[in-house]
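*Asks:* Mind looking at a prediction? Sequence and model below.
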Amino acid sequence: MRIKPRFAPLAATVAVEPRLIERPGVMTPTLAPADWSDARVEAWLDWVERLPTDLPQDVAALNGDPASLLGGAVDRWAYRLGAWGREHGLFDSADDAKSFTDELSASLLLGLAAPGETLAATASAGLSLHEPGAALRLADLTAACRGERLGAQAAEALSAALRSVAEAVDRCEGPRDACADPSANPALARAANIARRCGASDADIIRAIEGEIPIIAPPAPARRSPVSVLTSRDRIASGGPEAAAVAAAALEADLALTFSPRDAEALSDAPLEARVSLYLPALNIFTGEAFGEALEDLTRLWVVALEIEIAIAGDAPRRDAARPIALGLSGLADWAVAANGADPVILAASVGARVSAAANATSVELASLLGPCAEWEAVRDEVVDAAVQRNQGIDGLKGCGRRHAAINLFVHDAELALKLGASPFDATDVFQTDDGETQRRLRPSLARTIARAGGDVEDAERHLFGRRTLVGAPGVNHSALRDLGFTDLELEAIEAALSQTELLSAVFAPPVLDAGFIGDVLGLSVANGADLLPRLGFDDAAIEAARTAAFGRPNLSEWEAAPEALRSLLSADAGDLEAQMRRAIEPFSDVPDVSPDLIDWRAGPLQAARALGEAAREG
């Protein structure tokens, strides 16, 4: 295979700088891109520590240049994949392998991609509610997950109780023997009784009295992937007993409810996937059609890399048969919102279609070189049908087959998002300044979109974060406060405090306002801690108007100066927008999206069953 040099020439233009990263117990010097936050660099350093170093026989190790990205670790990692790719017949020459290696390193340096960790060896257990004994298995899973949770909580409570025993002795004033005697130390007696109720033995309590606090590690939770539960859509939509049983289990265990055998199998194989997250905003270094071509090249590059990862991951029969891969689209909302005013949902569908087509074509190309995966005949008809529905070519599929049984376009991995500098889409963006401080700003993608539409970015930021002053504020302002007896002294203290808090009530209380002023001038008492403003005669509407003027609003949905073309976008809930974009991509993914929909924390099985039923009815 030949890999065209698209990204490597650009990587040379990335500004890198020496960094000193604080890690547990040590300061680690390294070299990283100047625009990466410390948290992002640390996430990559964690990845570096876990990198395998095995190479094909007779291939010399690459030491790497310590003055390159992350101490040369990225180059060594890419070199390893290139060497194994040539060993497995993917590259005809050393030059082809080097071109692949250089492009792979560049994709990381440019922030275009972040690879997942080592693959699992076994698929997760699936569960069909059509099979005998399914209800019992579901109940067993629920009980096991509940036991793990309660066991961890019990261990934490026991540890805290024994610490209280030791503290009861330490805080006691008097002879040591008396302080260590529950009959002479009431506080110790109470702490010992609580510890016993938490499961402590007498020996545990005696050791705690003597100052020895045992380290009680909670039981390690079983490493479970989401369990795919296959059932009938109609049964869940109708809210019958099956819906109630699944809902009860979902409140304890991590379940993915599916309605087709293909989806259930794909989700069961998801732990076996070789994964990567592709960061779309970083591809904005390309414009116009070059963006789409670069996206296709990036997809092809990483399908090859993931194939090599599977080939060298070790013996795992199911993984070797299905060879599933996942290419997550990270930063999708940021990219779509910043793109020339087009509908973000339509843009998401176009990107999903393009990545799916490129990945499918590369998998066919790999199959022509190495043969289709062993699972191909079992999935052939469904893959071909899906390609027809996606308007993708099927000649290659029918002729060569595909190297990967499933190609997933969803990767849910917070660690990969951190490596890419991605964050959940919202109007507010939290970022790290050059001196390491954390601050807030209007999300850059939204700022660019607002500016392009002719909007006032500074006004949007004032709406979002407030003006941090009560000068000219509606409801509660300097004029109204002066009428109540506030002087320049109190007003200056209030203005200074507005930059230090997010609560208006905290500004109208000691120590910002002197207690003597509150009592003597305002004639009010602060002893009961009640909010001062309502007692000064300000109603809820006036207080809320002043609060939003000073501290801002959670989003831009009520921004009166929003450009007309952006009103529907700015009024949309960020979570709903991302969900709509994921749904637009899902038809192009062989594996369904399993992003959770949140319900109220107080919800029980009945409310959860209703939520599942509604989702099933909506498709």
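*Replies:* Okay, I see it.
*Asks:* Now do the helices for the stretch 251-400 of the chain: every range, in order, please.
*Replies:* Taking DSSP state H, counting those that start in this stretch as the test, the helices found in the stretch 251-400 of the chain are 261-269, 289-311, 317-322, 332-337, 344-370, 376-389, 395-399.
*Asks:* Quick one, which of the ones you listed gets closest to G240.
*Replies:* Checking these against G240 by Cβ to Cβ gives helix 261-269 as the closest, at 19.6 Å. (Glycine included, C-beta is placed from N, CA and C.)
*Asks:* could I get the helices of the stretch 251-400 of the chain as a markdown table with mean neighbour count?
*Replies:* Below are the helices of the stretch 251-400 of the chain laid out as a markdown table (neighbours: other Cβ atoms under 10 Å):
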| stretch | mean neighbour count |
| --- | --- |
| helix 261-269 | 22 |
| helix 289-311 | 21 |
| helix 317-322 | 18 |
| helix 332-337 | 25 |
| helix 344-370 | 21 |
| helix 376-389 | 16 |
| helix 395-399 | 14 |
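*Asks:* Now mean pLDDT and distance to A134 too, for the ones you listed, in JSON lines please.
*Replies:* Formatted as JSON lines, these follow (pLDDT from 0 to 100; distance: least, Cβ to Cβ, whole Å):
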{"stretch": "helix 261-269", "mean pLDDT": "92", "distance to A134": "12"}
{"stretch": "helix 289-311", "mean pLDDT": "97", "distance to A134": "32"}
{"stretch": "helix 317-322", "mean pLDDT": "95", "distance to A134": "22"}
{"stretch": "helix 332-337", "mean pLDDT": "91", "distance to A134": "36"}
{"stretch": "helix 344-370", "mean pLDDT": "97", "distance to A134": "33"}
{"stretch": "helix 376-389", "mean pLDDT": "96", "distance to A134": "23"}
{"stretch": "helix 395-399", "mean pLDDT": "94", "distance to A134": "34"}
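*Asks:* how near is the nearest residue to A326 once chain neighbours are set aside to G401?
*Replies:* Closest residue to A326 apart from its sequence neighbours, by Cβ to Cβ, 6 or more residues apart in numbering: N408 at 3.8 Å. Counting by Cβ to Cβ, to the nearest Å, the gap between N408 and G401 amounts to 18 Å.
*Asks:* List the residue ranges of this structure that fall below the pLDDT cut-off.
*Replies:* Within the chain, the segments meeting pLDDT under 70 span 217-225, 341, 434, 436, 527-530.
*Asks:* one step back: tell me which of the helices of the stretch 251-400 of the chain lies nearest to A121.
*Replies:* helix 317-322 (7.0 Å).
*Asks:* who touches the closest one?
*Replies:* Contacts of helix 317-322 with the rest of the structure, by Cβ atoms under 8 Å, 6 or more residues apart in numbering, involve 119-123, 269, 272, 310, 313, 373-375, 404-406.
*Asks:* Among these, the buried ones, what's the ChimeraX command?
*Replies:* Those of those that count as buried under 16 or more other Cβ atoms under 10 Å are selected in ChimeraX with:
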select :119,120,123,269,272,310,313,373,375,404,405,406
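*Asks:* which residues touch V364?
*Replies:* 396-397, 400-403.
*Asks:* what about stretch 15-35, distance to the chain center?
*Replies:* 23 Å (Cα atoms, centre = their mean, to the nearest Å).
*Asks:* that older thread, nearest to E42, out of the helices of the stretch 251-400 of the chain?
*Replies:* helix 332-337 (22.3 Å).
*Asks:* Extract the C-alpha trace of that closest one and format it as PDB.
*Replies:* C-alpha atoms of helix 332-337 as PDB (Å, rounded to 0.1, in the frame of the first residue of the first chain):
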ATOM      1  CA  LEU A 332     -17.900  17.200  15.500                       C
ATOM      2  CA  ALA A 333     -20.200  20.000  16.900                       C
ATOM      3  CA  ASP A 334     -17.300  22.500  17.100                       C
ATOM      4  CA  TRP A 335     -16.400  21.800  13.500                       C
ATOM      5  CA  ALA A 336     -19.900  21.900  12.200                       C
ATOM      6  CA  VAL A 337     -20.900  25.000  14.000                       C
END
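*Asks:* Tabulate the helices of the stretch 251-400 of the chain (a markdown table), appending distance to R452.
*Replies:* Output for those, formatted as a markdown table (distance: least, Cβ to Cβ, whole Å):
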| stretch | distance to R452 |
| --- | --- |
| helix 261-269 | 39 |
| helix 289-311 | 17 |
| helix 317-322 | 44 |
| helix 332-337 | 11 |
| helix 344-370 | 14 |
| helix 376-389 | 35 |
| helix 395-399 | 40 |
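*Asks:* Please name whichever of those helices is nearest to L51.
*Replies:* helix 289-311 (12.0 Å).
*Asks:* one step back: out of the contacts of V364, which is nearest to R137?
*Replies:* For those, the nearest to R137 is R402 (32.6 Å; Cβ to Cβ).
*Asks:* Look at that closest one and give its secondary structure.
*Replies:* The three-state label for R402, taken from DSSP: H, G, I helix; E, B strand; the rest coil, comes out as coil.
*Asks:* so what's the nearest residue to it once chain neighbours are set aside up against?
*Replies:* Of all residues not flanking R402 in the chain, S363 sits nearest, at 4.5 Å (Cβ to Cβ, 6+ apart). Neighbour list for S363: 303, 402-404, 407 [criterion: Cβ under 8 Å, 6+ apart].
*Asks:* go again using 10 Å as the cut-off
*Replies:* 300, 303-304, 306-307, 323, 325, 372-373, 383, 396-397, 400-405, 407 (Cβ atoms under 10 Å, 6 or more residues apart in numbering).
*Asks:* same deal with L127?
*Replies:* By Cβ under 10 Å, 6+ apart, the contact list for L127 reads 133-134, 137-138, 141, 227-231, 246, 249, 255, 264, 268.
*Asks:* host element of the residue lying closest to it once chain neighbours are set aside?
*Replies:* Leaving aside its chain neighbours, L127 sits nearest to V229 (5.0 Å; criterion: Cβ to Cβ, 6+ apart). Assessed by DSSP states H and E, V229 sits inside strand 227-230.
*Asks:* For the next helix or strand after that strand, output the C-alpha coordinates as PDB.
*Replies:* Sequence-wise, the next helix or strand downstream of strand 227-230 (DSSP H and E) is helix 233-237. Provided in PDB are the C-alpha atoms of helix 233-237 (Å, rounded to 0.1, in the frame of the first residue of the first chain):
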ATOM      1  CA  ARG A 233     -39.000  -3.200  20.000                       C
ATOM      2  CA  ASP A 234     -42.700  -3.700  20.400                       C
ATOM      3  CA  ARG A 235     -42.300  -5.300  23.900                       C
ATOM      4  CA  ILE A 236     -40.300  -2.300  25.200                       C
ATOM      5  CA  ALA A 237     -42.500   0.300  23.500                       C
END
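*Asks:* Show me the residue at the heart of the chain, geometrically.
*Replies:* Nearest to the mean C-alpha position of the chain, by Cα atoms, centre = their mean, lies A414 at 3.4 Å.
*Asks:* Against S277, how distant is it?
*Replies:* Applying Cβ to Cβ, the value for A414 to S277 is 11 Å.
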